[in-house]
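Chemist: A structural model of the following input is requested.
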Amino acid sequence: MSQEPPPPVDRGRRARIGIVPRLSRVRWLRWLLLTPVVARPGYWFATACALFWGALLGRFHLSRQGGLIVAANLPNWGFGRGGTTVGAVYLTNTNITPGILEHEAVHRAQWKRYGLAFIPLYVSAGQNALHNRFEIEAGLKRGGYV
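Modeler: Down below sits the predicted model:
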């Protein structure tokens, strides 16, 4: 009787069922990472990096809209999906509508709350936007997912 080997587990799934959920159960660590004293500098650092990236790739086409710094005219490889918010900077090409800006403003607030911890939290929530808690909180319809 030969047993088939178990199917390989992709790295993203391993991360979702691995370290992030385990660490999030450690109450003092979660408190430490999410306290504003730690999260806010991470948010500022992410904003500074995204501002540099967006200004450089978008040839300084920057504007302030709805609490976001919008870096437009980026090449399509310079951001994910139709646009990506990193810190307070929305990186996109031309995907700038009032609904999208409302959606991305929620992501800005998430960055502000979680700081750099937002990166592993977002990844562990999954790539399918319809099941990702951060995308659901930001509004799937406003984000153009449904």
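Chemist: how about the helices of this structure, start to end?
Modeler: Taking DSSP state H, the helices of the chain run over residues 11-17, 19-24, 27-34, 36-57, 98-114, 118-124, 133-138.
Chemist: show me what the last one is packed against.
Modeler: In this case it means helix 133-138. Using 3 or more Cβ pairs under 8 Å, 6 or more residues apart in numbering; DSSP states H and E as the contact definition, the elements that helix 133-138 packs against are helix 98-114, helix 118-124. Backbone N, C-alpha and C define where each C-beta goes, glycine included.
Chemist: where does this structure have low pLDDT?
Modeler: 1-26, 28-32 (pLDDT under 70).
Chemist: possible to save the helices and strands packed on helix 133-138 as a markdown table with distance to Val37 and mean neighbour count?
Modeler: As requested, the helices and strands packed on helix 133-138 are exported to a markdown table (distance: least, Cβ to Cβ, whole Å; neighbours: other Cβ atoms under 10 Å):
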| stretch | distance to Val37 | mean neighbour count |
| --- | --- | --- |
| helix 98-114 | 13 | 19 |
| helix 118-124 | 16 | 18 |
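Chemist: what's the neighbour count on the residue nearest to Leu91 when sequence neighbours are not counted?
Modeler: Nearest residue to Leu91 in three dimensions, chain neighbours excluded: Phe79, at 4.0 Å (Cβ to Cβ, 6 or more residues apart in numbering). Using other Cβ atoms under 10 Å, the number of residues around Phe79 comes to 23.
Chemist: Phe79 contacts Thr94, correct?
Modeler: No. Applying Cβ atoms under 8 Å as the test, Phe79 and Thr94 come out as separate, 11.6 Å apart.
Chemist: what's the burial count for the residue nearest to Leu140 when sequence neighbours are not counted?
Modeler: Residue nearest to Leu140 in three dimensions, not counting chain neighbours: Val146, with 4.8 Å by Cβ to Cβ, 6+ apart. Look at Val146: counted by other Cβ under 10 Å, it has 9 neighbours.
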